[in-house]
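> let me see the structure of the following:
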Amino acid sequence: MSQFDVYRNTGKNRSNIPYEVVVQSSCFEKARRRVVVPLVSWNELSKATTLPSSAINPVFVVEGVKVVLNPLEIVSIPTESLGMKADSLADKSDAIIAALDELFSRVWR
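Numbering: from 1, shown residues only. Sure thing, here's the model as predicted:
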């Protein structure tokens, strides 16, 4: 399990959130849990709300499915709860890190 690997969601919300991406550093590889960010279905999201326009919500395509990163729902799950590996977003890691930076950084306005 590498950072930025994408796994199929096996949970009850898998129709809305078909995938989750591991964002946890490989420094914590021996941990029995992984910090993941949901990848929400673009189609489901567009039905429910205004589509995201911020760097916090980059858009990707996984197995032909357009998905949106939703770091506001970041979670830690047991490794045995991860579904099958579907893809890797390592080549898109800058966009994922930028989204997490926007989520966690202090903004003085």
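> list the contacts of the longest helix along the chain.
The longest helix of the chain (DSSP state H) is helix 93-104. If you take CB atoms under 8 Å, 6 or more residues apart in numbering as the criterion, helix 93-104 is touched by 3-4, 21, 23, 37, 54-58, 69, 71-72, 74, 89. Every residue, glycine included, has its C-beta placed from N, CA and C.
> just give me how far it sits from the chain centre.
With CA atoms, centre = their mean, to the nearest Å as the basis, the distance from the averaged C-alpha position of helix 93-104 to the chain average is 11 Å.
> name the residues of it that are buried.
Going by neighbour count (16 or more other CB atoms under 10 Å), the buried part of helix 93-104 is Ala95, Ile96, Ala99, Leu100.
> need the max-distance pair from the residues you listed.
Taking CB to CB, the two most distant members of those are Ala95 and Leu100; they sit 10.0 Å apart.
> helix or strand: which one has the residue nearest the centre of the chain?
Nearest to the mean C-alpha position of the chain, by CA atoms, centre = their mean, lies Val37 at 3.2 Å. Taking DSSP states H and E as the definition, one finds Val37 inside strand 33-41.
> quick one: that strand to helix 93-104, angle?
Calculated by axes from the mean of the first three to the mean of the last three CA atoms, to 10 degrees, strand 33-41 forms an angle of 100 degrees with helix 93-104.
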